[in-house]
Each structure stands twice: as structure tokens, then as C-alpha cells.
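Participant: coordinates only, sequence not included:
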């Protein structure tokens with residue numbers, strides 16, 4: 001094997017290892033098959049757990065998709081989910097969390113967590129920073145004013 005093919009082979013192996021590690025980690029979004037509450041492979045149950053809905057509803061959605069698409073797309077989607085989603089790890093593993101700025105708390109990572117755009121979040125942070133700067137300026141104006149000096153001298157007299 002020449003050097004160029006060896007480098008391509010090594011790059012492929014690196015990418016493959018990343019994909020395998022991501023699969024075992026639930027793709028960093030707590031996305032697993034639930035093998036405890038399953039009928040076939042746990043795909044519907046795992047997706048239901050991820051989206052925090054009842055597994056029966058997910059199964060009904062799958063059956064409806066099976067009927068609407070004639071079975072082929074839903075069948076292959078289920079097989080693909082079975083292959084791509086790893087079984088949920090045992091209770092000892094910790095789920096992935098992300099910080100929710102609106103709620104000011106950590107939540108489990110989800111695949112479709114709708115949140116504000118980065119520009120909106122940056123604008124909110126800029127507004128908070130502007131408020132802090134305004135408060136600091138007010139304190140600085142007070143400390144450097146004649147009134148502060150006068151109140152300080154009266155406080156010293158009372159001691």
C-alpha cells in the first residue's frame with residue numbers, strides 16, 4: 001500500500017472511530033434505543049423517551065407513517081434507526097446536559113431543542129452588560145460627587 005492510500009485509509013479509520021464513539025454516546029444528544037421498553041428493537045421507545053412523549057404515541061405515529069408511505073419508507077427508517085441508534089446504556093451512565101439561558105438551568109440535550117438564535121442571545125447579553133455598566137457609572141458619579149464627600153464627613157462626625 002503506498003503512502004497516499006495509507007493516509008486515506010488512516011483518515012477513514014479516524015472518521016469511523018468518531019462515528020462509532022458518537023453512536024455509543026447517543027450522538028451527544030441522549031439519543032438511544034430503549035431496549036427495556038421495546039416490542040421490536042426499541043427504536044420507537046427510545047425516540048419517545050428522547051422527545052418526552054408516551055411510547056404508544058410514537059408507535060402510533062410509526063404505524064401511521066407505515067400506512068401513509070406504503071410501508072417501504074417507514075420500514076427502512078426503522079431499520080436505519082435500529083442500526084444507527086445504540087442501546088441505551090445502563091443506569092450508571094450520565095445523560096448529556098446543556099445550559100438553557102431562558103430558564104437559567106441545565107436540561108438534557110435534545111435533537112430539536114428550539115432556542116433563540118445566537119444573535120438574539122448575544123443581544124440579550126449585551127443588554128445585561130449595558131445595565132451593569134450603567135449601574136457602575138451611577139456609583140462612580142455618586143462616589144466622585146460633592147454629596148458623597150459631605151455625607152462621608154457627616155458619617156465621620158457621628159462616630
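Facilitator: All right, it came through fine. Quick caveat: nothing in here was measured; it's all calculated off a predicted structure.
Participant: quick one: the helices in the protein, in order.
Facilitator: All helices of the chain, identified by DSSP state H, fall at 3-24, 43-51, 55-68, 72-84, 118-143, 146-158.
Participant: and the angle from the shortest one to helix 72-84?
Facilitator: Note on geometry: by axes from the mean of the first three to the mean of the last three CA atoms, to 10 degrees, helix 43-51 and helix 72-84 are set 70 degrees apart in direction.
Participant: walk me through the domains of the chain.
Facilitator: Structural domains of the chain, as assigned by automatic domain parsing, span the residue ranges 3-108, 118-158.
Participant: below-threshold pLDDT in the chain: ranges please.
Facilitator: The chain contains residues with pLDDT under 70 at 1-6, 8-9, 12-13, 16-30, 90-103, 108-116.
Participant: residues near residue 134, how many?
Facilitator: For residue 134, the tally of surrounding residues (other CB atoms under 10 Å) stands at 10. C-beta: built from backbone N, CA, C; applies to glycine.
Participant: please apply the same query to residue 37.
Facilitator: 13.
Participant: quick one: contacts for the residue nearest to it when sequence neighbours are not counted?
Facilitator: Nearest-residue entry for residue 37: residue 45, 4.6 Å, with adjacent residues in sequence omitted and distances by CB to CB, 6 or more residues apart in numbering. Going by CB atoms under 8 Å, 6 or more residues apart in numbering, residue 45 touches 33-34, 37-39, 55, 58.
Participant: picking up where we left off before, minimum distance to residue 104: which of the helices of the chain has it?
Facilitator: Closest of the helices of the chain to residue 104 is helix 118-143, at 12.1 Å (criterion: CB to CB).
Participant: buried among the contacts of residue 45? Need that as a selection in ChimeraX.
Facilitator: To isolate the buried ones among the contacts of residue 45 in ChimeraX, judged by 16 or more other CB atoms under 10 Å, type:
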select :33,34,55,58
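Participant: who's in contact with residue 44?
Facilitator: Contacts of residue 44 (CB under 8 Å, 6+ apart): 55, 58-59, 62, 78.
Participant: good, we can wrap up now.
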